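[1] What follows is a predicted structure for the sequence shown.
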Amino acid sequence: MTHAVLEASGLTLSFGAIKALDNVSFRVHPDELLSIIGPNGAGKSSLLNCLSGFYRPQAGAVRFLGQDITRLPTHRYAELGVGRTFQGIQTYASMTVRENILCGFHTRMTSGLFSAFLYWGRVRREEDRYVREAEAIIEFLELEELRHASVGELPYGLRKRVDLGRALAMQPKVLIMDEPMAGMNPEEKSDLARYILDIKEGRRIPVVLVEHDMDVVMDISDRVMVMEWGRSIAEGTPEEVRNDPRVIQAYLGVEA
Amino acid sequence: MNARVEEPVVAEVASASAQPVRRVSGSHGTDPRSGRRRTLPQLLLAQAERYGDRPFLRAKRHGIWQSTSWKQVVATVLQLAHALRQRGVREGDVVVMLSENLPELYLLQYATQALGAAVTCLYPDAAPHELDYIVGHSGAHLVVAQDQEQVDKALALTEHAQQVRTIVYLEDRGLWNYDDPRLTPYPSLLAEGARATPEDGRALREHIAQASDESVAVLCYTSGTTGKPKGVILTHRYLTDNAYRVIASFGVPEHTVYLSYISPAWAAEQITGLALGLMAPSIIHFSEKPATVQADLREIGPQFLLFTPRQWEMMASSVAAAMLDAKPWRQRLVDWALKAGARRGSWRARIAEVLALRAIRDNLGLKHARIALSAGSGMSAEVFRRFHAMGVPLRNLYGSTEYGLITAHWGGSFHPATLGRLLQVDPQVGAPLEVEVGADEQLLVRGASGFAGYFRDAAATAAVPRDGAFATGDAIRFDEGGEFIFLDRVKDLRRLAGGRPFPPQFIENQLRASPYIRDAIAIGDASRPHVTVLINIDQAIVGRYAEGRSLAWSTFADLSQLPEVHALLRETLVAINEQLDGHARVRCFATFPKELDADDDELTRSRKLRRDVIEQRYAALIDAMYAGAASCPLDVVVQYRDGTRARVHQEVRITPIEAS
């Protein structure tokens, strides 16, 4: 099997007496879309937070491109290439679409505050380069007609797409998405699903997706991991998972 | 409502007594920019020698406008031509293209034509079975597809799937995991072409130099409403001659800023974009994508643009919609400015220009528009006048795919009801255009580069000419100044008792364009000596008109029979009659005493007239109109929504139109 991009082994996380994660292990391969599903409170968000450095697991390790990153400070995760989008909207409402995407480059910008005020030479060249890259993302996400629109005026689905654009600006090597489709109408969902696939296929960025909409998950995932009570109870292709008796039990309850 | 805009820049309309004009001759142009019987690739090479590093194509990439110079275009075209040759494209072949307007599409077209092959472009929304038919009919083995959507169509061919050996695509989104071996991305094709040796290059240039301008450049497949589509042959001579007609008649400036927007599947874009671009020459601009065209227009500020009437109407309504959100004083200012602007040259118009009109034009991207064309039929006079009031010199353009561009507004005439006059022809190509109205009211055209035939369809080609002329299938009338008025398709004309035809749809459409009229039905057939009209008024608007004049009325029946309302409608009919030959003019009209209603079976649910029901129900009224009566007593049964029926008795007024 190919080398894993992101790998979790034996992750365990407790909040007091509650075990949010209990010995969870999985791997994300290149060119792969892995979805994590499970009922509320199964530990999905805790897992994502461990993967992106917001929580520290009490046991186990997170490896990224072979390197153990479990103990690195949170901001290093992003710099290394672990991209992440959050639930809800995290854009700057008063800024334009392009400015929001440009914000995503901040981890890679080198100019300091003082030189940025002067805005010449290297600083200027750097800015030009990032504008070009931002435009490439705008084209990729088909936001051309909205590049100068302020994000606050856009409908939810489009704001989420801008959010995604900002995550892409960080040039992630893996993209972690936490319930991106929550609150969307079916059309917005299928739009976003299309762009997530484009990111995987066109930009070759593997995606880890937590999502409640089962139709979307089963449609676009290469592999699905099912969680319950902090443990991983099943893993496989959408077809395998759909027919797994443990999954049916977790979702539908035990038959009397 | 009653403030009807005057027509300031209008030619005099033929007086009623004149003999109808049946034949009009055009003239040769004097502009030196003739195609001189060269093919498009020959013109491209010659113009590139002359213009070198000046920009030819401009497109927005990554948010910035980027130019391609003449030199670069030639280099790329030769490279692509070599690659296409390697892929088996030969003289006489046809390459099918399915794409929006993109620079790559232009480059591939010139490259295909450089090999002596022809191009056929389909509308991007063409269905897979249409593509299948056209691939089969044209014998194409190479298809250019813009993106995943178009590639999917090319891969889904059924009957002629085996025939397609190469599919070149321009945008790779979504195609990353496709593995059909026929798929070739545009950059790979370009790379194949880069392997050409100097010897290949010389051979290609020689090949281009030897080509004849009578060879096929483009096939335009006409959407066949009956039967299969026919491939109209556009030769290089056709394209350069037609481009010359536009250049000479409008005086297109050199390096004119042109927006490529209408589909190249349409002969008009082949002429004003690909051919005229080489000859004028133009700087051809491409919108980033259809959704950004409004913003792009403003950035480009084109001097020359060609839209369909529908697109102009959408632009006009975008102004109206923007005004709804504006502050009241701004709304009043713009209303005033548009009224003042309608009288060009007046001092009011000059003030309006400074206060509002210039800003409106700037916002629409029409600040520099000198040649603004509306091609295709059915431009409403209302929208036409609105653009003129804004200071945009909108012009109608009329032609047929087979014969090319025939008339347009040029040389200072802008009557909204006409299609202008005959365009000037390239003296190096042939005689000036000459047209006449045949016995069946059909427009016959002679002269210029002419009609080259339908591709692989000798029978259909042979069926077209009449008396050595091209029969357009359009019923056209000329006014005294030789300006064209489009009446109907010939097949839609109806004949009166004397056997002379009249255009019912033309009359009805013109009537419906009035805000006071909801529906109208033109009566007249082989049993009637002349034309009469029944009108269903628009209660809300006519009601407001009556209120404004303190006229008393209580019911629809009252309102419809008011003498003042009839006087108002009569004015509209007089104006329509001025556009018609004597025998086809409307003699008298009456208004329905009740609204036409689908519940009474007079309309279909989609508001189409049910002529037979109406003519039967109002037979007494119609007979009275033909008997020359001044009124007719009428009992009409009305069915109310709750199912009850009532009889309405009304004396219905009949108003004659001919001035005494």
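    In hand now; what should we look at? Numbers count the residues shown, from 1 in each chain, chains lettered A, B, ... in the order given.

[2] for residue 219, helix, strand, or coil?
    Let's take chain A. Of the three states, A:D219 takes helix under DSSP: H, G, I helix; E, B strand; the rest coil.

[3] Can you get me a residue count around the nearest residue to it once chain neighbours are set aside?
    Excluding the flanking residues, the one nearest A:D219 by C-beta to C-beta, 6 or more residues apart in numbering or on different chains is A:A193, at 6.8 Å. (Glycine included, C-beta is placed from N, CA and C.) Neighbourhood size, A:A193 [other C-beta atoms under 10 Å in any protein chain shown]: 21.

[4] what helix or strand is A:A193 on?
    Using DSSP states H and E, A:A193 sits in helix A:186-202.

[5] then that helix to PDB, C-alphas only?
    Only the C-alpha atoms of helix A:186-202 are listed here, as PDB (Å, rounded to 0.1, in the frame of the first residue of the first chain):
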ATOM      1  CA  PRO A 186     -29.200  20.400  -1.800                       C
ATOM      2  CA  GLU A 187     -27.900  22.500  -4.700                       C
ATOM      3  CA  GLU A 188     -25.200  24.100  -2.600                       C
ATOM      4  CA  LYS A 189     -24.300  20.700  -1.300                       C
ATOM      5  CA  SER A 190     -23.800  19.200  -4.800                       C
ATOM      6  CA  ASP A 191     -21.800  22.300  -5.800                       C
ATOM      7  CA  LEU A 192     -19.500  22.000  -2.900                       C
ATOM      8  CA  ALA A 193     -19.200  18.200  -3.300                       C
ATOM      9  CA  ARG A 194     -18.000  18.900  -6.900                       C
ATOM     10  CA  TYR A 195     -15.300  21.300  -5.700                       C
ATOM     11  CA  ILE A 196     -14.100  18.800  -3.000                       C
ATOM     12  CA  LEU A 197     -13.700  16.200  -5.700                       C
ATOM     13  CA  ASP A 198     -11.900  18.700  -7.900                       C
ATOM     14  CA  ILE A 199      -9.500  19.500  -5.100                       C
ATOM     15  CA  LYS A 200      -8.700  15.800  -4.700                       C
ATOM     16  CA  GLU A 201      -8.500  15.100  -8.400                       C
ATOM     17  CA  GLY A 202      -7.200  18.300  -9.900                       C
END
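
[6] and it, what other elements does it pack with?
    strand A:33-37, helix A:156-169, strand A:207-210, helix A:214-220 (3 or more C-beta pairs under 8 Å, 6 or more residues apart in numbering or on different chains; DSSP states H and E).

[7] out of these, nearest to B:F414?
    Closest to B:F414 of these is helix A:156-169 (C-beta to C-beta; 42.4 Å).

[8] sorry, back to before: check the gap between the residue nearest to A:D219 and B:P103 for me.
    According to C-beta to C-beta, to the nearest Å, A:A193 stands 31 Å off from B:P103.

[9] got it, and B:R611?
    Distance from B:R611 to B:P103, by C-beta to C-beta: 51 Å.

[10] which one of the two has more residues nearby?
    Ranked by neighbour count (other C-beta under 10 Å), B:R611 and B:P103 place B:P103 first, with 21 against 13.

[11] I figured the more buried one hits B:R61, correct?
    No: contact between B:P103 and B:R61 fails when scored by C-beta atoms under 8 Å: they sit 9.5 Å apart.

[12] how about B:L219, phi and psi?
    With angles defined as degrees, to the nearest 10, B:L219 shows backbone torsions of phi -110, psi 130.

[13] Look up the closest residue to B:L568, ignoring the ones flanking it.
    That would be B:Y516: by C-beta to C-beta, 6+ apart, it lies 6.3 Å from B:L568.

[14] go on, B:Y238?
    Nearest non-adjacent residue to B:Y238, counting by C-beta to C-beta, 6+ apart: B:S449, 4.8 Å away.

[15] I figured the residue nearest to B:L568 hits B:R570, correct?
    No: contact criterion C-beta under 8 Å: B:Y516 and B:R570 do not qualify, at 11.4 Å.

[16] Around chain A, which positions in chain B sit nearby?
    Contact residues, chain B versus chain A (C-beta under 8 Å from any C-beta of the partner chain): B:62-64, B:172-174, B:176-177, B:288-289, B:291-292, B:295.

[17] Let me know the average pLDDT across stretch B:219-238.
    Summarised as a single mean, pLDDT over stretch B:219-238 is 87.

[18] In contact with the residue of the stretch 51-200 of chain A found nearest chain B, which residues are there?
    Per C-beta to the nearest C-beta, A:E135 is where the stretch 51-200 of chain A lies closest to chain B, at 3.7 Å. A:E135 makes contacts with A:98, A:147, B:62-64, as judged by C-beta atoms under 8 Å, 6 or more residues apart in numbering or on different chains.

[19] okay, these in JSON lines with pLDDT and neighbour count next?
    Shown next, in JSON lines, are these (pLDDT from 0 to 100; neighbours: other C-beta atoms under 10 Å in any protein chain shown):
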{"residue": "A:R98", "pLDDT": "93", "neighbour count": "22"}
{"residue": "A:R147", "pLDDT": "92", "neighbour count": "19"}
{"residue": "B:H62", "pLDDT": "82", "neighbour count": "16"}
{"residue": "B:G63", "pLDDT": "83", "neighbour count": "17"}
{"residue": "B:I64", "pLDDT": "87", "neighbour count": "10"}
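
[20] Quick check: of those residues, which lies closest to B:P504?
    Using C-beta to C-beta, A:R147 is the member of the contacts of A:E135 that lies nearest B:P504, at 50.4 Å.

[21] do you know how far the residue of the stretch 51-200 of chain A closest to chain B is from B:P290?
    With the distance defined as C-beta to C-beta, A:E135 ends up 19 Å from B:P290.

[22] Same check on B:W553?
    Taking C-beta to C-beta, one finds B:W553 at 48 Å from B:P290.

[23] Compare the two (neighbour count), which wins?
    Each of B:W553 and B:P290 has its neighbours counted (other C-beta under 10 Å); B:W553 has more, 17 against 12.
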